[in-house]
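Student: could you work out the structure for the sequence below:
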Amino acid sequence: MSIKYKATVNEGFEFSLFQKDAAALDLVSNSHSNHLIINDHSLNVEVLHRDFQNRAYTIKINGNRFNVHIENELDARIAAMGLFLGSESVENEIHAPMPGLILEVSVSEGDVVEAGDHLCVLEAMKMENALTAPRSGTIRSVRIEQGQTVDKGILLIELEAE
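Tutor: Just a heads-up that it's a prediction; the model follows:
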């Protein structure tokens, strides 16, 4: 079974993409930009902001800026039932959303962070994913280091309980 994603661009235009189709894209990436070829069209794609937890991204394609929100089939079903993950249910733990390589760790034990602050960068499937603080607080522990390979679900960073 192939996983289907729905992307909403600038809160208006929507399209669907299957994971197997995304994996087949001709994409060359580095830490700041990407070069993508789709239907013989060359695109320069720069990721300006990543909010991996909320699946929200700001990108620039050939000089044009877009806000993109991505949801999978489970997200769509949960939203259709009128449910959502409210801020009161956010955990104190940041876990790896997928297996990958830790490219950067931006915080240390005892650091004070604000909601949305950059915590670490996880590289998975040739894409860099910036993980951010789900809420304001103090870093209780950092269980990863740069260059470490992690499995999906492993505890990366822990915040002090409120």
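
Student: packing partners for the strand ranked longest in the chain?
Tutor: With DSSP state E setting the assignment, residue counts place strand 41-51 as the longest strand in the chain. Counting by 3 or more CB pairs under 8 Å, 6 or more residues apart in numbering; DSSP states H and E, the packing neighbours recorded for strand 41-51 are strand 33-38, strand 56-61, strand 127-132. Using the backbone N, CA and C atoms, a C-beta is placed for each residue, glycine as well.

Student: let's see 10 Å
Tutor: strand 26-29, strand 33-38, strand 56-61, strand 64-72, strand 127-132 (3 or more CB pairs under 10 Å, 6 or more residues apart in numbering; DSSP states H and E).

Student: will you turn the ones you listed into JSON lines that also has mean neighbour count, mean pLDDT and distance to residue 116?
Tutor: What follows is the helices and strands packed on strand 41-51, written out as JSON lines (neighbours: other CB atoms under 10 Å; pLDDT from 0 to 100; distance: least, CB to CB, whole Å):
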{"stretch": "strand 26-29", "mean neighbour count": "13", "mean pLDDT": "70", "distance to residue 116": "23"}
{"stretch": "strand 33-38", "mean neighbour count": "14", "mean pLDDT": "76", "distance to residue 116": "22"}
{"stretch": "strand 56-61", "mean neighbour count": "15", "mean pLDDT": "84", "distance to residue 116": "10"}
{"stretch": "strand 64-72", "mean neighbour count": "14", "mean pLDDT": "85", "distance to residue 116": "15"}
{"stretch": "strand 127-132", "mean neighbour count": "19", "mean pLDDT": "90", "distance to residue 116": "5"}
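
Student: looking at the ones you listed, which is nearest to residue 138?
Tutor: When the helices and strands packed on strand 41-51 are ranked by distance to residue 138, counting by CB to CB, first place goes to strand 127-132 at 15.6 Å.

Student: domain assignment for the protein?
Tutor: Each domain of the chain is listed here as a residue range: 4-75, 90-159, per automatic domain parsing.

Student: quick one: closest of the ones you listed to residue 81.
Tutor: With CB to CB, the closest approach to residue 81 among the domains of the chain belongs to domain 4-75: 11.0 Å.

Student: could you tell me the end-to-end distance of that closest one?
Tutor: The distance separating the two terminal residues of domain 4-75, taken as CA to CA, to the nearest Å, comes to 11 Å.
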